[in-house]
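**Q** Any chance you could fold what I've pasted below:
(one chain, ligands or ions: 1)
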Amino acid sequence: MKDPDHSRLGASIDKILRPTIRLEHATKDFGPELRALDDVTLDVHPGEVVALLGLSGSGKSTLLRLLDGLHVPTSGTVQVLGCDVGTARGRELRALRRKVGFVFQQFHLVGNMSVLENVCTGALGALRGPRFGLMTYPKSVRLAAMEQLDRVGLADRPFQRADTLSGGQQQRVAVARALIQKPRILLADEPVASLDPESSAQVMALISRVAAEDDLTVLCSLHQVDLALSWGHRLIGLRGGTVVLDKPVSSIDRSEIMDIYSAVAPVAAVAVGRPADRAVR
Ligand SMILES: Nc1ncnc2c1ncn2[C@@H]1O[C@H](COP(=O)(O)OP(=O)(O)OP(=O)(O)O)[C@@H](O)[C@H]1O
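**A** Below is the predicted model:
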């Protein structure tokens with residue numbers, strides 16, 4: 001007879017070892033002429049903090065968007081928290097999105113709304129029906145939003161209009177909005193590209209801190225090599241839609257990073273069916 005304790009232990013170990021994100025031969029084409037992501041296979045494990053580097057057009061945003069179901073892979077599979085994102089629809093996709101927070105370069109806040117209400121909108125996925133105004137959110141959501149504002153250092157200005165904040169403050173509100181849904185994964189698409197160096201450092205430190213506190217798996221695209229090296233656990237380099245570097249940050253040599261940025265084809269993504277146009281060294 002099977003030992004139930006042993007089976008339970010096996011299941012727990014399996015859960016711990018199972019990757020949070022698994023891409024197998026994932027390819028994304030935009031029309032017949034543009035391959036944005038080309039045969040990407042990789043695993044990301046729970047709690048990993050991954051920096052994505054690559055030239056503009058190398059496929060970083062496309063990769064992040066595949067993980068949230070904002071794009072569907074043309075071929076191959078994308079699994080996130082055990083869900084096949086390429087085939088998930090409706091309720092399953094909505095449930096997955098509640099576990100995945102997304103932070104964007106342009107913050108995507110509602111400018112004429114208060115800071116607190118912007119954070120509350122992060123909980124909409126778990127609420128029924130639309131909300132019009134802060135007081136239409138349940139008290140529990142408003143309290144949770146205040147808690148997240150406190151974590152990002154903005155508890156002193158809940159009623160300020162979002163568009164009157166500095167860029168760094170707006171990005172911190174966007175992080176609070178992502179956190180209110182208690183995600184297991186945080187995706188950040190160039191979160192500091194519009195910020196000055198000091199605000200950039202603050203936002204990246206904030207992402208690191210909340211990732212550690214909430215045991216989040218993080219994927220963050222960046223253009224700043226030094227920041228990526230000082231911040232991530234692991235670095236994935238994309239060039240022309242393919243992964244050209246994937247290593248722990250501690251074992252990376254600078255020359256390998258330069259390789260990510262070495263000669264690429266004039267059109268950054270790969271032209272489908274025309275290997276000669278591919279990004280080459
Ligand atoms: N929705 C879309 N429709 C058509 N082409 C797209 C779409 N999204 C991305 N692309 C193209 O796919 C390629 C990869 O774009 P992507 O935005 O993933 O690159 P990136 O590395 O994030 O660039 P950046 O650093 O400038 O944000 C580019 O050639 C881009 O023009």
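
**Q** Show me where the stretch 101-250 of the chain has its helices.
**A** 115-121, 139-151, 167-179, 197-214, 225-231 (DSSP state H, counting those that start in this stretch).

**Q** Mean neighbour count and distance to Gly90 added to these, as a markdown table?
**A** Every residue, glycine included, has its C-beta placed from N, CA and C. Formatted as a markdown table, these follow (neighbours: other Cβ atoms under 10 Å; distance: least, Cβ to Cβ, whole Å):
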| stretch | mean neighbour count | distance to Gly90 |
| --- | --- | --- |
| helix 115-121 | 25 | 21 |
| helix 139-151 | 18 | 23 |
| helix 167-179 | 24 | 22 |
| helix 197-214 | 17 | 27 |
| helix 225-231 | 17 | 36 |
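
**Q** looking at those helices, which is closest to Glu33?
**A** Nearest to Glu33, of all the helices of the stretch 101-250 of the chain, is helix 225-231, at 30.5 Å by Cβ to Cβ.

**Q** Leaving out chain neighbours, which residue sits closest to Phe102?
**A** Nearest residue to Phe102, sequence neighbours excluded (Cβ to Cβ, 6 or more residues apart in numbering): Leu187, at 4.9 Å.

**Q** was I right about the one you found contacting Ser61?
**A** No. Counting by Cβ atoms under 8 Å, Leu187 stays clear of Ser61, with 9.9 Å between them.

**Q** Near the ligand, which residues of this protein? Just list them.
**A** By Cβ under 6 Å from any ligand atom, the residues of the chain that approach the ligand are 30, 34, 36, 54, 56-62, 268-269.

**Q** Closest one of these to Pro183?
**A** Nearest to Pro183 among the residues of the chain next to the ligand, counting by Cβ to Cβ, is Ser61 at 18.5 Å.

**Q** For the stretch 1-150 of the chain, which segments count as strands?
**A** Counting by DSSP state E, counting those that start in this stretch, the stretch 1-150 of the chain has strands at residues 21-30, 34-44, 49-54, 75-80, 83-84, 100-104.

**Q** Redo the ones you listed as TSV? Include mean pLDDT and mean neighbour count.
**A** Below are those laid out as TSV (pLDDT from 0 to 100; neighbours: other Cβ atoms under 10 Å):
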stretch	mean pLDDT	mean neighbour count
strand 21-30	98	19
strand 34-44	97	20
strand 49-54	97	24
strand 75-80	97	19
strand 83-84	96	16
strand 100-104	96	23
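
**Q** Provide a list of residues in contact with the residue most central in space within the chain.
**A** The chain has Leu187 as the residue nearest its centroid, 1.0 Å off, counting by Cα atoms, centre = their mean. Listed by Cβ atoms under 8 Å, 6 or more residues apart in numbering, the contact partners of Leu187 are 64, 67-68, 100-103, 218-220.

**Q** for Val85, same thing?
**A** Each residue near Val85 by Cβ under 8 Å, 6+ apart is listed here: 66-69, 72-73, 78-79, 93, 96.

**Q** Can you pull the phi/psi pair for it?
**A** For Val85, the backbone dihedrals (degrees, to the nearest 10) come out as phi -70, psi -30.
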